[in-house]
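Asker: how does the following fold in three dimensions:
(chains A and B)
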Amino acid sequence: MNVRKCTVLVAVALFASIGDTLLSRGMKDVGAISLNHLGELILAVMNPWVICGISLLLCFFVAMSNALSWADLSYVMPATGMGYVVMALAAKFFLHEHISPERWTGIVLITIGVGFVAGGPSQTDRSAEALEPAAESELIFEERQ
Amino acid sequence: MRTVYTWAAIVIITVTSTAGESLLAHSMQRIGDLGELRRREGVLASVCRVFTTPTVFIAITFMAIAFFSLLFGLSWADLSLVGPAAAALTFITNALAAKFFLKENVDRRRWIAAIFVGAGVALLAR
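Answerer: Residues are numbered from 1 along each chain as shown, chains lettered A, B, ... in the order given. A predicted model of the protein is given here:
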């Protein structure tokens, strides 16, 4: 995996987790939205925090599309789980929040999971599947001869 | 009632995110590596190729539904519940969609990764 691909995966992870955090901050200002007053949703989208969150989620979409153009979905999803670890560590070292043993366990599990998937191939080899019918017809041809 | 709404939002986020991401993956697999395409045909041609693929728009529609469900969910509950719960479930449902819909080679390594990351995200929320 080259530097460009690593950067894209890191971007997917960070844009998604920071975007969600900004949306959450904005929705705390807006308050609960009732299903009977869907107009409040438009008000929510005007909130500056929500606008920043939407901008980051658009960047997430671009990075995600790029990642999925050269890697499998089942590879990209776990690989980008590191975003949650970065958020937890940022909370510990920059915001001086307490991280409970359960959260440390979560960080270890995510790191192991990401390590597992990163060690394997990023894309399913479809050339073997494409060759199968050709190989089969070759066999039939040889048998006939 | 608030709890029912929150979990309904989490289920909708999970289902629509999975549908959106699977369709986006399906579209991008057909388009090919965007980096190579950009080098060969330029940025504008790559962007045109993406936005002239019909399944990309269906994917965006599902992702938009997931986004508004997330907004609803966040208005009823904290991010520390909605975010990790939806993400953890999406890791599993995406692995299933990758295997059965996208026909990816989801081997033991990828299943373990999806389960570990999903469990890890759920623990981070506690």
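Asker: in chain A, which helix or strand is least confident?
Answerer: Within chain A, confidence by mean pLDDT, DSSP states H and E is lowest for helix A:127-144 among all helices and strands, at a mean of 51.
Asker: who's in contact with stretch A:105-114?
Answerer: The contact list for stretch A:105-114 (Cβ atoms under 8 Å, 6 or more residues apart in numbering or on different chains) reads A:78-79, A:81-82, A:84-85, A:88-89, A:99, B:112-117, B:119-124, B:126. C-betas here are computed from N, CA, C, even on glycine.
Asker: need the contact list for the closest residue to residue B:49 other than its chain neighbours.
Answerer: Excluding the flanking residues, the one nearest residue B:49 by Cβ to Cβ, 6 or more residues apart in numbering or on different chains is residue B:31, at 5.6 Å. Listed by Cβ under 8 Å, 6+ apart, the contact set of residue B:31 reads A:69, B:37, B:49-50, B:53.
Asker: all strands of chain A, in order?
Answerer: Secondary structure of chain A (DSSP state E): no strands present.
Asker: so where is it shaky, pLDDT-wise?
Answerer: Along chain A, segments meeting pLDDT under 70 span A:1, A:94-95, A:126-145.
Asker: can you map out the helices along it?
Answerer: Remark: helices assigned in chain A by DSSP state H are A:3-30, A:40-46, A:48-70, A:73-79, A:82-93, A:101-118, A:127-144.
Asker: tell me the buried residues in the second one?
Answerer: Going back to what we said before, that points to helix A:40-46. Using 16 or more other Cβ atoms under 10 Å in any protein chain shown as the test for burial, helix A:40-46 gives residue A:44.
Asker: check which helices and strands that helix sits against.
Answerer: helix A:3-30, helix A:48-70, helix B:54-76 (3 or more Cβ pairs under 8 Å, 6 or more residues apart in numbering or on different chains; DSSP states H and E).
Asker: related to what we said a few turns ago, of the contacts of stretch A:105-114, grab the buried ones for ChimeraX.
Answerer: ChimeraX command restricting the contacts of stretch A:105-114 to the buried ones, with burial defined by 16+ other Cβ under 10 Å:
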select /A:78,79,81,82,84,85,88 /B:113,114,115,116,117,119,120,121,122,123,124
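Asker: ok and the lengthiest helix in chain B relative to helix A:48-70, angle-wise?
Answerer: In chain B, assigned by DSSP H, the helix with the most residues is helix B:2-31. With axes from the mean of the first three to the mean of the last three Cα atoms, to 10 degrees applied, the angle from helix B:2-31 to helix A:48-70 works out at 40 degrees.
Asker: which is the next helix or strand following helix B:2-31?
Answerer: helix B:34-41 (DSSP states H and E).
Asker: does stretch B:101-115 come close to chain A?
Answerer: Yes - using Cβ under 8 Å from any Cβ of the partner chain, a contact is recorded between stretch B:101-115 and chain A, made by B:102-107, B:109-110, B:112-115.
Asker: which one among those gets closest to residue A:116?
Answerer: residue B:113 (4.2 Å; Cβ to Cβ).
Asker: could you measure that closest one against residue A:93, distance?
Answerer: 26 Å (Cβ to Cβ, to the nearest Å).
Asker: what residue ranges in chain B score low on pLDDT?
Answerer: Short version for chain B, where the test is pLDDT under 70: B:125-126.
Asker: please redo it, this time with the cut-off set to 80
Answerer: Residues of chain B meeting the criterion pLDDT under 80: B:1-3, B:77-81, B:83-84, B:124-126.
Asker: the strand or helix carrying residue B:92 versus helix A:101-118: what angle between them?
Answerer: Following DSSP H and E, one finds residue B:92 within helix B:79-100. On the basis of the same axes, to 10 degrees, helix B:79-100 is oriented at 30 degrees to helix A:101-118.
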